[in-house]
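# How does the following fold in three dimensions:
(2 chains)
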There are 2 protein chains.
Amino acid sequence: MQQQISCVTLGIADLARSKRFYVDGFGWTPVFENPEIVFYQMNGLMLGTWLAKSLADDTYQATLPRPGGSNMAHNVATQDAVQPLLDRLAQHGGKILRNGDAPPHGGFRGYVADPDGHIWEIAFNPTWPISPEGYVTWGV
Amino acid sequence: MQQQISCVTLGIADLARSKRFYVDGFGWTPVFENPEIVFYQMNGLMLGTWLAKSLADDTYQATLPRPGGSNMAHNVATQDAVQPLLDRLAQHGGKILRNGDAPPHGGFRGYVADPDGHIWEIAFNPTWPISPEGYVTWGV
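Numbers count the residues shown, from 1 in each chain, chains lettered A, B, ... in the order given. Below you'll find the predicted structure:
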């Protein structure tokens, strides 16, 4: 299995307040933004800042820890690879939060929590190419 | 400022239980481990799984959110760059949790929380080289 984190997504309460920290503080430039989420292209992975309510809804969680609710994504090469990896992780101490299905923005994904409650999204996202080294870039 | 995450560190309760998920579930190989922490070399960054008590102590937090306490690191090129970035982030909505100082394992680091409470370590770590593209590798 490729040792790869495709995205770290942080739950936030206020996009403008968050952008002040990341854009004006760190000096980073978004690669994509809408009224719900901002993505930054990082070193071979994406950083997302997403309204915490939406992040909780998407992961089928009533609430996320405060402060600091977040998750990570591991992207796989095909849609068919999503559910088997969720199942395999569940067989090794993980807990499936959401079985694989298709989100509105395309692709395919499910969620599994590690034994300490850290949430991983296992995703097929055809718009984010992954290099042989595992570097993930914002695509079309 | 380089758009770079050097490390994602997850607070865990039990190393063996966590390794079952990451080593046997994901199939990943540690690059370093001791009785406190396991590091995995990922795609241009490190994934760390660290006893939650140690992670909380190091970040000067009485407790971390449960489930899911974690932090991220942004590494800089020199020791002198750590405190100015902590200060700059504090001027843009962040809250300094720990001013820059030297940890027992070497280097120099401080901690700042973003406006939503996500903890960032700002660190100089001479043993983890950073490529011009921002890819971070386990060093000597």
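
# Give me the contacts around the strand or helix carrying residue A:112.
Take DSSP states H and E as the rule and residue A:112 turns out to sit in strand A:108-113. Contacting residues not belonging to strand A:108-113 are listed as A:58-60, A:71, A:73, A:79, A:82-83, A:86, A:89-90, A:94-103, A:119-125, B:67 [C-beta atoms under 8 Å, 6 or more residues apart in numbering or on different chains]. Just so you know, the C-beta spots here come from the backbone N, C-alpha and C atoms, and that holds for glycine as well.

# Return the subset of these lying in helices.
Judged by DSSP state H, helices contain the following of the contacts of strand A:108-113: A:58, A:82, A:83, A:86, A:89, A:90.

# any low-confidence regions in chain A?
Applying pLDDT under 70 to chain A flags residues A:1, A:140.

# show me the contacts for the residue nearest to residue A:115 when sequence neighbours are not counted.
Nearest residue to residue A:115 in three dimensions, chain neighbours excluded: residue A:93, at 4.3 Å (C-beta to C-beta, 6 or more residues apart in numbering or on different chains). Residues counted as contacts of residue A:93 (C-beta under 8 Å, 6+ apart) are A:114, A:115, B:17, B:18, B:20, B:21, B:25.

# Ok, residue A:73 next?
Residue A:73 sits next to A:5, A:6, A:7, A:8, A:9, A:109, A:120, A:121, A:122, A:123 when contact means C-beta under 8 Å, 6+ apart.

# Helix, strand, or coil at the fourth one?
Reduced to three states with DSSP: H, G, I helix; E, B strand; the rest coil, the structure at residue A:8 is strand.

# Bridging across strands, which residues link to it?
residue A:47, residue A:72 (DSSP bridges).

# residue contacts, it?
So residue A:8 contacts A:45, A:46, A:47, A:48, A:70, A:71, A:72, A:73, B:5, B:8, B:72 (C-beta under 8 Å, 6+ apart).

# ok, these vs residue B:136, which is closest?
Checking the contacts of residue A:8 against residue B:136 with C-beta to C-beta, the nearest one is residue B:5 at 8.3 Å.

# about what we covered before: can I get the contacts of residue A:8 in TSV including distance to residue A:39?
Shown next, in TSV, are the contacts of residue A:8 (distance: C-beta to C-beta, whole Å):
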residue	distance to residue A:39
A:45	11
A:46	5
A:47	7
A:48	5
A:70	14
A:71	14
A:72	14
A:73	12
B:5	13
B:8	16
B:72	15
